[in-house]
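Asker: Sequence plus the predicted model coming up.
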Amino acid sequence: MDAGSMTGYRFIIVDDHPLFRGALGQALGDAFGDAEVLEAGSLDELTERLAIAGEIDLILLDLAMPGVHGISGLLYLRAQHPEVPVVIVSASDDPGTIRHCLDCGASGFIPKSQSVEGIRDAIRKIMGGEVWLPTDVDLASAPTGETAELVSRMSTLTPQQVRVLMMLGEGLLNKQIAFKLGVSEATIKAHVSAILQKLGVDSRTQAVIAINKIGGSGDWSRMPS
């Protein structure tokens, strides 16, 4: 499929850096003619966009944003909006992180170190039905075993449970999470209990350690304390 036939697409770029969103949006506009490019600087803003935007052809998601821990944002989107393909555009190119993203349903993984033309070519191929990965990444060396088991367990969480887990990772208390989500503290306690059971851990601390293991070496370091 050539670029000339790729018109009328609707993309959402999710990244907390406005300059990068603008540059990527320009690249998409140049590559896909009359494509509509929306932007979101956080997962909450993305949720608002998706509620009113109608049909979206592709979400381009950064793994490292305030309130988004590692692959948790991807898990949330795949659970909440399974019909919308998601490609990761990340500063990390760690094979383990890439493997986890694919296992959780990503349609591709594009390092930010790619050239503008490289990013455009990758997205063209993804829109043509391919799963795009960096050619120099050896997924055979990606970790398996315990980490793969954690990814599998995380994929069983509901969208709301994923959001609660992200907030646990931020160090929020149950009453703070309840306020942010507009539900009762009892509801959050029930979510936390379900999360612990699904992840096979005994405490909130162990749940946070579990998502730290899956976040990848490069993405979590930018999270605010």
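Answerer: Ah, there it is.
Asker: Is R99 in contact with L133, as I believe?
Answerer: No. In this structure, R99 is not within contact of L133 by CB atoms under 8 Å, at 9.8 Å. Where you see a C-beta, it was placed from the backbone N, CA and C, and this is true even at glycine.
Asker: between the two, what contacts are shared?
Answerer: With contacts taken as CB atoms under 8 Å, 6 or more residues apart in numbering, R99 and L133 have L139 as neighbours in common.
Asker: Which other helices and strands does the helix or strand hosting S193 contact?
Answerer: According to DSSP states H and E, S193 maps onto helix 185-199. Here helix 185-199 touches helix 146-154, helix 159-169, helix 174-181, helix 204-214, going by 3 or more CB pairs under 8 Å, 6 or more residues apart in numbering; DSSP states H and E.
Asker: which residues sit in contact with the residue positioned nearest the centre of the chain?
Answerer: By CA atoms, centre = their mean, the mean C-alpha position of the chain lies nearest to L74, the distance being 2.9 Å. For L74, the contacting residues are L61, L63, V86, I88, C101, C104, G105, A106, by CB under 8 Å, 6+ apart.
Asker: Could you figure out how far whichever strand or helix holds it is turned away from helix 146-154?
Answerer: Assigned by DSSP H and E, L74 belongs to helix 72-80. Angle, helix 72-80 to helix 146-154, by axes from the mean of the first three to the mean of the last three CA atoms, to 10 degrees: 40 degrees.
Asker: Keeping just the C-alphas, turn helix 72-80 into PDB.
Answerer: Extracted in PDB, the C-alpha atoms of helix 72-80 (Å, rounded to 0.1, in the frame of the first residue of the first chain):
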ATOM      1  CA  SER A  72       0.300  -0.400  32.400                       C
ATOM      2  CA  GLY A  73      -1.000   2.300  29.900                       C
ATOM      3  CA  LEU A  74      -0.900  -0.200  27.100                       C
ATOM      4  CA  LEU A  75      -2.700  -2.800  29.200                       C
ATOM      5  CA  TYR A  76      -5.400  -0.200  30.000                       C
ATOM      6  CA  LEU A  77      -5.900   0.700  26.400                       C
ATOM      7  CA  ARG A  78      -6.000  -2.900  25.200                       C
ATOM      8  CA  ALA A  79      -8.600  -3.700  27.800                       C
ATOM      9  CA  GLN A  80     -10.700  -0.600  27.500                       C
END
